[in-house]
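Asker: need the 3D shape of this:
(one chain, ligands or ions: 2)
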Amino acid sequence: MAAAVTRRVNALRVEAPAADVESGRGALQEAAKRAVDAKDDVWVAADEGDTESTGGASRPLLFRTMKVKGSILHPYRFLILMRLIAVVAFFAWRVKHRNHDGMWLWATSMVADTWFGFSWILNQLPKLNPIKRVPDLAALADQYGSSGEANLPGIDIFVTTVDPVDEPILYTVNTILSILATDYPVDKYACYLSDDGGTLVHYEAMVEVASFAALWVPFCRKHCVEPRSPENYFGMKTQPYAGSMAGEFMRDHRRVLREYDEFKVRIDSLSSTIRQRSDAYNSSSNKEDGVRATWMADGTQWPGTWIEQAENHRRGQHAGIVQVILNHPSCKPQLGSPASTENPFDFSNIDTRLPMLVYIAREKRPGYNHQKKAGAMNVMLRVSALLSNAPFVVNFDCDHYINNSQALRAPMCFMLDPRDGQNTAFVQFPQRFDDVDPTDRYANHNRVFFDGTMLSLNGLQGPSYLGTGTMFRRAALYGMEPPRYRADNIKLVGKADEFGTSTSLVNSMPDAAIQERSITPVLVDEGLGNDLAALMTCAYEDGSSWGRDVGWVYNIATEDVVTGFRMHRQGWRSMYCSMEPAAFRGTAPINLTERLYQVLRWSGGSLEMFFSHSNAPLPAAGSTLSSAWRTSTCRRTRSSRCSSWHTTSSRSCGSSPSSSTSRGRSARTSCTSSPS
Ligand SMILES: O=c1ccn([C@@H]2O[C@H](COP(=O)(O)OP(=O)(O)O[C@H]3O[C@H](CO)[C@@H](O)[C@H](O)[C@H]3O)[C@@H](O)[C@H]2O)c(=O)[nH]1
Ligand SMILES: [Mn+2]
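Answerer: Numbering: from 1, shown residues only. Ligands and ions are numbered 1, 2, ... in the order given. Sure, this is the predicted structure:
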C-alpha cells in the first residue's frame, strides 16, 4: 500500500532520489492516516471493515463515514425535544389566550408564528443525524494506482465565463491554469471554457494560457507546488516546500515568477493588442463594404463578437465557435529536456504533457432566451460528448480555482466506492472564499450552510447541487435513472427526440457510461465540425427535453439547486466532500450591493422553487425521495442558501426561532464540529 501511495504522489515525477521518496512516503502515509482516522472531539467512525463483498469479490471501501459522538448528539436531540415542547406549549397558551380587543392582530401573529414554527421544525429534522464522509485517497491509489493510474475514469471540466471585465480575465486564466496543472492523469481529463461573450480576448487569453502552461505545469509537477493557481501561489506570504528538489527550487521559482509577471502583462494588454492589430488590418485591407472586422493573429476574421458592433458580430449575435487549443495528449509520458542555454529549466525527469483545452462560444441570436449559465452548461455537455465524452463532469464558475491538487481524486472515492457509488449522481464540495474581510460582515463564508446544513443532508439522500465545485456523472445529467431503478444499462430506443436531432450525440451516450474508456485525440474535420456547429445552435434544443428532463434546468434563477433536485427525485443520491486544504476556492462579492443582489437572486429563486413543480415534497415530485429528505428540502426551497445570512440580517430570507441563538455560534466556530 505504501508503494501505491508514493506512486500516486510521484506519478507525474518519473524519478526521484530514493531518500526523498522515503521521507515523502512517510509524510504521505501520515497524511493518509490522518484523513482516515480523522477523529476529533466530535466525530467518530461509523462504518466498520475495509472492504465490501460484492458478487463473491471483496473491494476496498474508498471513503469513511463519520457520525457525531453520542455524547454530543444525544444531549442535542434532547435539547431539540425540550424546545419542541416549549414551542408547542407556547402555541397552546396563545390559542387559549386570545386577545379579543385586537383579533386581527392576534390572528396575524398566529399565522407568522405558525410559519416560523413550521420552518424551525423543518430546519431541525435533518440535523438530527449529521454525517461526514472522508475520502480515502490512499485506498483509491491502492486500487487504481498500478499501471500508471490508467484505470482512473475520464473527467470533463467545464468553466463558464461571460465578460472579461466584469469577471476579471486574470481570475479565469488562473482557474484554467490550476486545472491544467492539477494532479490527475493528464490523458484522463479535458478542460472546456465556455465564453458567453464570444470575445477574441478570451480566446487569445487561452492561447497565452496554453503557452505559459508549458512552463507552469512541469514546474508544479517538479516541485509539488500548492496551490496550482499561479496568482494565489505567488501571493502566499510563505511557500512551504513539499517537493524533493529543494536545491533547484529557488532558481526555478524566481524564473517562473518572472515569466508569470510577463504573462500577466500580455494578458492585460490583450484588448489593446487586438484593437491595434484590427485597426491595422482594417485600414490596410481594401474593403468595399466598410465593415471593420476584429482580426485574429493569423489574419482571419474572428467569428465571435467584434470590437465595433457589426451585423452578425454583435454581442448576443454571432455563430458558434469551438477551438481545440490543446489537443488530447498521448497516453505515454513525454519527459522534458535538460537545462540548456536557451532553456534554463531542467525538466528531464518531468512529464511535460498538458491536458486537452477547448474554447467554446455557443451561437447567440436575438430573440432567443439563452438561459444564462444553464444554457451554456448544456452546450458544453453536448460539445464535450463529441470531443472527449468523459463519464464524469466537473463544473466551476470562472472565479473558482482548484486549491488542492488532489481535488479531482477525492470525489472519485465516492463515485467508485463499492457501496452506493454507482447510484451517486454528484459530489458537492463546500464553497470557500478568498478575500472576505476577517469579520465576514456579509456572511460570505456561509458557514452554517456549508458546514451544518449540508452535513445534515449528507446523512439523508445527500446535499443539494450548489452550482460550482461539483462532480457529476454524465449519465445523470442526461436524465438517466440510477442503476438501481433502471432495468437495463442505458435505454435510448425511442428517446432520441428528447436529446435533439444529432445522431452523433445520441450515439455517444452509451460510451459515456463506460468508466474504463480512454479518451483519444480528436481531429476536427469537416464532418465533426458540422456536428459540433449543429449542437451549438440556438435552435438545437427546440422541441427537445433539454432544460427540463435533460441537462441543466431552465427558467429559474437557481438552476443549480433545481437540477440537483431532479436527480434526487429520480432516486440518485449525492455526497458531500470537504477536504483540507480546501479543494476549491473562489471569490465572493465583497461589497454590500453585490451581496444583497446575490442573496436577492437566491431567495427569489428559492421562492420560485417552493411554488414550482420542482418542489421535492410535493407528490408530483416522484416517489424515490426519502421522507426526511423531502421535509428538509421543503425548507430549503424557501431559503436555499441563506442560512448563515440569518445570522447577520435576521430573517431576510426565511428564518427560524433559533436564528438569534445561532448567531454567536456561527460567528465563532466553523461549525463542522457541532450541529447548529
Ligand atoms: O449568461 C450567463 C450568465 C452567467 N454565466 C456564468 O455563470 C456563473 C455564475 O454566475 P454568477 O453571476 O457569478 O452567479 P453567482 O451568484 O456568483 O453564482 C452562484 O449562484 C448561481 C445561481 O444559483 C450558480 O449558478 C453559481 O454556480 C453559483 O456559484 C459564472 O461563471 C458566469 O460566468 C454564464 O456562463 N452565462
Ligand atoms: Mn460568481
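Asker: from now on I want contacts and neighbour counts done on CA atoms only, so please keep to that.
Answerer: Fine.
Asker: up against ligand 1, what does the protein have?
Answerer: Selection of the chain residues close to ligand 1 by C-alpha under 6 Å from any ligand atom yields 160-162, 196, 372-373, 376, 397-398, 467-468, 557-560, 598.
Asker: among these, which ones are buried?
Answerer: Taking 16 or more other C-alpha atoms under 10 Å as the criterion, what is buried in the residues of the chain next to ligand 1 is 160-162, 196, 373, 376, 397-398, 467-468, 557-560.
Asker: can you count the residues close to residue 69?
Answerer: Residue 69 has 15 neighbours, counted by other C-alpha atoms under 10 Å.
Asker: what pLDDT does the model give it?
Answerer: You'll see residue 69 listed with a pLDDT of 91.
Asker: could you measure it against residue 462, distance?
Answerer: Residue 69 sits at a distance of 20 Å from residue 462 (criterion: C-alpha to C-alpha, to the nearest Å).
Asker: cool, residue 107 as well?
Answerer: 38 Å.
Asker: again, but for residue 214
Answerer: Distance from residue 214 to residue 462, by C-alpha to C-alpha: 39 Å.
Asker: same check on residue 51?
Answerer: For residue 51 relative to residue 462 (C-alpha to C-alpha), the value is 22 Å.
Asker: neighbour count: these two, which is higher?
Answerer: For residue 51 versus residue 462, the count of surrounding residues by other C-alpha under 10 Å is larger for residue 462: 25 against 15.
Asker: check contacts around that one.
Answerer: Each residue near residue 462 by C-alpha atoms under 8 Å, 6 or more residues apart in numbering is listed here: 454, 573-576.
Asker: could you report the pLDDT at it?
Answerer: 91.
Asker: what sits closest to it if chain neighbours are left out?
Answerer: Excluding the flanking residues, the one nearest residue 462 by C-alpha to C-alpha, 6 or more residues apart in numbering is residue 574, at 4.4 Å.
Asker: for residue 532, grab the count of nearby residues.
Answerer: The number of residues near residue 532, taken as other C-alpha under 10 Å, comes to 25.
Asker: so it, which of the three states?
Answerer: Following DSSP: H, G, I helix; E, B strand; the rest coil, the label given to residue 532 is helix.
Asker: hmm, it is touching residue 385, no?
Answerer: No. With contact defined as C-alpha atoms under 8 Å, residue 532 does not reach residue 385; the gap is 9.7 Å.
Asker: endpoints of stretch 533-541, how far apart?
Answerer: Terminal residues of stretch 533-541 are spaced 13 Å apart (C-alpha to C-alpha).
Asker: stretch 381-393 too?
Answerer: 8 Å.
Asker: what does stretch 423-432 give?
Answerer: 27 Å.
Asker: contacts for it, please.
Answerer: Identification of contacts with stretch 423-432 by C-alpha under 8 Å, 6+ apart yields 411, 414-415, 445, 450-451, 463-466, 468-473, 476, 482-484, 567, 572-578, 582-586.
Asker: and if you look at stretch 335-344?
Answerer: By C-alpha under 8 Å, 6+ apart, stretch 335-344 touches 345-352.
Asker: secondary structure added to these, as CSV?
Answerer: What follows is the contacts of stretch 335-344, written out as CSV (three-state DSSP):
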residue, secondary structure
345, coil
346, coil
347, coil
348, coil
349, coil
350, strand
351, strand
352, coil
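Asker: need the max-distance pair from those.
Answerer: The most widely separated members of the contacts of stretch 335-344, counting by C-alpha to C-alpha, are 345 and 351 (13.2 Å).
Asker: so what's the residue in the stretch 501-650 of the chain that ligand 1 sits nearest to closest to, chain neighbours aside?
Answerer: Distance from ligand 1 to each residue of the stretch 501-650 of the chain (C-alpha to the nearest ligand atom) is smallest for residue 558, at 3.8 Å. Leaving aside its chain neighbours, residue 558 sits nearest to residue 605 (5.1 Å; criterion: C-alpha to C-alpha, 6+ apart).
Asker: before we move on, back to that, out of the contacts of stretch 335-344, which is nearest to residue 184?
Answerer: residue 351 (12.5 Å).
Asker: what's across from the closest one in the sheet?
Answerer: residue 335 (DSSP bridges).
Asker: what about it, distance to residue 222?
Answerer: For residue 351 relative to residue 222 (C-alpha to C-alpha), the value is 9 Å.
Asker: same deal with residue 212?
Answerer: Separation of residue 212 from residue 222 (C-alpha to C-alpha) stands at 16 Å.
Asker: do residue 280 as well
Answerer: In terms of C-alpha to C-alpha, residue 280 sits 43 Å off from residue 222.
Asker: now the contacts of stretch 335-344 in a markdown table, with neighbour count?
Answerer: Formatted as a markdown table, the contacts of stretch 335-344 follow (neighbours: other C-alpha atoms under 10 Å):
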| residue | neighbour count |
| --- | --- |
| 345 | 20 |
| 346 | 17 |
| 347 | 20 |
| 348 | 17 |
| 349 | 18 |
| 350 | 24 |
| 351 | 21 |
| 352 | 25 |
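Asker: of the residues you listed, closest to ligand 1?
Answerer: For the contacts of stretch 335-344, the residue nearest ligand 1 by C-alpha to the nearest ligand atom is residue 352; the value is 29.0 Å.
Asker: tally of neighbours for residue 548?
Answerer: Residue 548, neighbours per other C-alpha under 10 Å, totals 16.
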